[in-house]
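1. need coordinates for the below:
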Amino acid sequence: MLLVETERAYTLKQYYESLDVHAGQSYSLLVTATNQTDGISYYMVASSRFIPLELVGIGILFAILDFWENPSIPMHPLLLPYDFLYFIEQAGSIRLDLSVGAARPNPQGSYHYGNINVSTMLVLENNVALINGKYRYTDEMFAKGDEYLVERANEQQLPDDTLLDEIPVDDPDAGLKIMISDE
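-> Sure thing, here's the model as predicted:
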């Protein structure tokens, strides 16, 4: 198999007999069976690892030389023993091909933040607050806890879509603000 692309970026072209792909990863492979197979077919196996029940999907790439008269038996065993070190080294061997124009992550420091005009600075903080006898997680200084917020909005007779825009710009230690939003 020729590895062509990983995570939407072109890689240096390398051939692999097996490839360890984890959930969430994406690879593009080019699988070719040319006359060099000498009429031998191959298994293509997808299997799960690290779960109690191993799940397996099998595909067979048949050599078409005289398949109808003499179907060939695929070579290699179905599942090779798992070799942890081999797959760690394999992951380290996959490199981006920087000579092609594929999308790839921006190099660190490529954006010039010094050119931005700073007019206002907000200090945002995640924390835990004790509100109405219950611990609530706060996100960027706003309390999260639907029943408490709805209860307070009803007490103050606020409409459901009210957002109290009171971010302490000048005093980052001004404390927690209760805000209502229709998120």
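
2. hey, which helix or strand in the chain has the poorest pLDDT?
-> Using mean pLDDT, DSSP states H and E, strand 142-143 stands out as the lowest-scoring helix or strand of the chain, at a mean of 47.

3. break the protein into its domains for me.
-> As assigned by automatic domain parsing, the chain contains the domains 2-93, 120-183.

4. in this protein, which ranges drop under the pLDDT threshold?
-> Along the chain, the model assigns pLDDT under 70 to residues 23, 32-43, 49-51, 53, 60-81, 101-114, 118-126, 138-153, 158-183.

5. let's see that with 50 instead.
-> Within the chain, the ranges that satisfy pLDDT under 50 run 141-145, 163-168, 183.

6. please name the residues that touch residue 93.
-> Residues in contact with residue 93 (CB atoms under 8 Å, 6 or more residues apart in numbering) are residue 14. (C-beta placed from N, C-alpha, C; glycine too.)

7. how far away is it from residue 6?
-> Taking CB to CB, to the nearest Å as the measure, residue 93 falls 12 Å from residue 6.

8. for residue 16, same thing?
-> From residue 16 to residue 6 the distance is 12 Å (CB to CB).

9. which one of those two has more residues nearby?
-> Per other CB atoms under 10 Å, whichever of residue 16 and residue 6 has more neighbours is residue 6, with 18 against 14.

10. can you tell me the closest non-neighbouring residue to the more buried one?
-> Excluding its sequence neighbours, the residue lying closest to residue 6 (CB to CB, 6 or more residues apart in numbering) is residue 27, at 5.1 Å.

11. over to residue 130?
-> In this structure, residue 130 finds its nearest non-sequential neighbour in residue 136, 7.7 Å apart by CB to CB, 6+ apart.

12. partner residues bridging that neighbour?
-> residue 129 (DSSP bridges).

13. confirm for me that it is in contact with residue 128.
-> Yes. Using CB atoms under 8 Å, residue 136 makes contact with residue 128 at a distance of 7.2 Å.
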